[in-house]
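*Asks:* pasting a predicted model and its sequence here:
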Amino acid sequence: MRKKIVAGNWKMNTDLNQALDLAREIRLSNYDKSATLIIIPPFPFLYSIVEATNNSVIQVGAQNCSKNKNGAFTGEVSAEMLNSVGVKYVIVGHSERRTYFKETNQELAEKIKECLSNKLIPIYCCGELLEDRTNENHFEVVKTQLSEALFHLSPDQMKGIIIAYEPVWAIGTGVTASPEQAQEMHQYIRQFIAKKFGDTIANSISILYGGSCNAANAKELFALPDVDGGLIGGASLKAVDFVAISNSF
Ligand code: PEP
């Protein structure tokens, strides 16, 4: 049985008090205890949020990490640091980082290595631009994102990865991939992983959908055979919406 996962990427939103209020409200809500709930606040609030969610099933993730171990990299945050404050997951390769910070698949491969060396589970994001889909190049783009960042891993390492398929044209736009588009790509990703790592590993990996997923459309998306949950942006900033999404399996 694959893990059902709902992860909330708060991006560069909230101040400390708002972050704590949001985490506490989620914690006190009636969320699906059989799903893995991950909240992903900005760096400065991670330790406080880990404390605020202690002794609950809510897990805490970070939005990024450095590809370097430590040293003279002003402004960077290492995987080891994240592990030391109780973080368990890291988003790697979000489209906003690929676009604004020019992160390449090769750098993302290094970040994934750092995460795994520090017992952090990467949530690896892939997904095509609108023009890729218009040009019917979307499978090729996702294939390259997967092979260049993940296919150096051992089967054992690959088992521990979460993948998020996030078509860039759906992120923050209110335009969600149709169930057919989502299922088609999730199935493609699983089959591509199976070719390299075998069916057992491919069938054990959770593939999340991200891109304008909300309380109104989560049920339909999560019911798809190859969709194992969601990476949620905007709708994760309201406890009531995030919890409703977690109750959509
Ligand atoms: C995201 O940024 O990962 C995301 C899915 O955003 P939204 O849900 O707002 O589209």
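*Replies:* Looks like it arrived, so ask away.
*Asks:* bridging residues for the residue nearest the centre of the chain?
*Replies:* Centrality entry for the chain: nearest residue to the mean C-alpha point is I123, 4.0 Å, by Cα atoms, centre = their mean. Beta-bridge partners recorded for I123 (DSSP bridges): I91, I162.
*Asks:* pull the contacting residues for the closest residue to the ligand within the chain.
*Replies:* The ligand sits closest to G233 of the chain, with a gap of 2.1 Å, by Cβ to the nearest ligand atom. Bear in mind the C-beta positions are built from the backbone N, C-alpha and C, glycine included. Going by Cβ atoms under 8 Å, 6 or more residues apart in numbering, G233 touches 9, 11, 171-172, 210.
*Asks:* show me the helices in this structure, by range?
*Replies:* 16-28, 46-52, 79-84, 95-100, 105-117, 130-134, 138-150, 155-158, 179-197, 199-204, 218-222, 239-246 (DSSP state H).
*Asks:* in the shortest one, which residues are buried?
*Replies:* Right, helix 155-158. By 16 or more other Cβ atoms under 10 Å, the buried positions in helix 155-158 come out as 157-158.
*Asks:* could you report the pLDDT at K33?
*Replies:* As predicted, K33 sits at a pLDDT of 86.
*Asks:* for it, what are its contacts?
*Replies:* With Cβ under 8 Å, 6+ apart, K33 has these contacts: V57.
*Asks:* mind checking how far the residue lying closest to F151 once chain neighbours are set aside is from V227?
*Replies:* Spatial nearest neighbour of F151, excluding adjacent residues (Cβ to Cβ, 6 or more residues apart in numbering): K196 at 5.6 Å. Counting by Cβ to Cβ, to the nearest Å, the separation of K196 from V227 is 21 Å.
*Asks:* and the two? which has more neighbours close in?
*Replies:* Between K196 and V227, V227 has the larger neighbour count (other Cβ atoms under 10 Å), namely 25 against 15.
*Asks:* shouldn't that one be in contact with M185?
*Replies:* No - when contacts are counted by Cβ atoms under 8 Å, V227 is not listed as touching M185 (9.7 Å).
*Asks:* can I assume L82 is in contact with C65?
*Replies:* Yes - the criterion here is Cβ under 8 Å, and L82 meets it with C65 at 5.8 Å.
*Asks:* who touches both of the two?
*Replies:* Contact criterion Cβ under 8 Å, 6+ apart; residues shared by L82 and C65: 90, 120.
*Asks:* residues contacting L221?
*Replies:* Taking Cβ under 8 Å, 6+ apart, we find L221 in contact with 176, 179, 182, 209, 213, 227, 230.
*Asks:* actually, P122.
*Replies:* Neighbour list for P122: 89-92, 111-112, 115-116, 161-162 [criterion: Cβ under 8 Å, 6+ apart].
*Asks:* now the buried members of those.
*Replies:* 89-92, 111-112, 115-116, 161-162.
*Asks:* now those in a markdown table, with distance to F139 and pLDDT?
*Replies:* As requested, the buried ones among the contacts of P122 are exported to a markdown table (distance: Cβ to Cβ, whole Å; pLDDT from 0 to 100):
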| residue | distance to F139 | pLDDT |
| --- | --- | --- |
| Y89 | 27 | 98 |
| V90 | 26 | 99 |
| I91 | 23 | 99 |
| V92 | 21 | 98 |
| K111 | 24 | 98 |
| I112 | 22 | 98 |
| C115 | 26 | 98 |
| L116 | 27 | 98 |
| I161 | 20 | 98 |
| I162 | 21 | 98 |
